[in-house]
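Participant: Fold the following and give me the result.
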Amino acid sequence: MKGSHIALFTLFVLLMAEVEMSMATVTCSPVQLSSCVSAITSSTPPTNLCCSKIKEQKPCLCQYLKNPYLRKFVSSPNARKVANTCGTPFPRC
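Facilitator: Model (predicted):
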């Protein structure tokens, strides 16, 4: 992982920890998407864990897009590509 990716990942994890919020059946926690970082920041295919976490956190994605700190990461072309690869098309918010 390049130095800039390590810094991005560290920032992402710190910011995600601050954004936890509860919904009716899903606990929105962007930290749950940390298993997808390598797939989003490189050309590595998403793991099964990554895909299961994206599906689990799908109801929360619009909320994450509203957060200025998470928006860049969650709305990146690679993030959308990973979501589509996992069979979880990005929601329209």
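
Participant: State the distance from Pro46 to Thr25.
Facilitator: Between Pro46 and Thr25 the distance is 23 Å, computed by Cβ to Cβ, to the nearest Å. For every residue, glycine as well, the C-beta is placed using N, CA and C.

Participant: In terms of neighbours, single out the busier of those two.
Facilitator: Pro46 (20 against 6; other Cβ atoms under 10 Å).

Participant: show me the contacts for that one.
Facilitator: For Pro46, the contacting residues are 36, 39, 54, 82, 85-86, by Cβ atoms under 8 Å, 6 or more residues apart in numbering.

Participant: Could you report the neighbour count for Thr47?
Facilitator: A count of nearby residues for Thr47, using other Cβ under 10 Å, gives 14.

Participant: And Leu65, by the same measure?
Facilitator: Around Leu65 there are 15 residues (other Cβ under 10 Å).

Participant: Look up how far Val74 lies from it.
Facilitator: Leu65 sits at a distance of 6 Å from Val74 (criterion: Cβ to Cβ).

Participant: Send me stretch 41-53 as PDB with only the CA atoms.
Facilitator: Only the C-alpha atoms of stretch 41-53 are listed here, as PDB (Å, rounded to 0.1, in the frame of the first residue of the first chain):
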ATOM      1  CA  THR A  41      -8.100   2.100  -3.400                       C
ATOM      2  CA  SER A  42      -6.600  -0.400  -5.900                       C
ATOM      3  CA  SER A  43      -7.600  -2.900  -8.600                       C
ATOM      4  CA  THR A  44      -7.900  -5.700  -6.100                       C
ATOM      5  CA  PRO A  45     -11.300  -7.500  -6.400                       C
ATOM      6  CA  PRO A  46     -13.600  -7.300  -3.400                       C
ATOM      7  CA  THR A  47     -13.500 -10.100  -0.900                       C
ATOM      8  CA  ASN A  48     -16.600 -12.000   0.200                       C
ATOM      9  CA  LEU A  49     -16.400 -10.200   3.500                       C
ATOM     10  CA  CYS A  50     -16.300  -6.800   1.700                       C
ATOM     11  CA  CYS A  51     -19.400  -7.700  -0.300                       C
ATOM     12  CA  SER A  52     -21.300  -8.900   2.700                       C
ATOM     13  CA  LYS A  53     -20.500  -5.700   4.500                       C
END
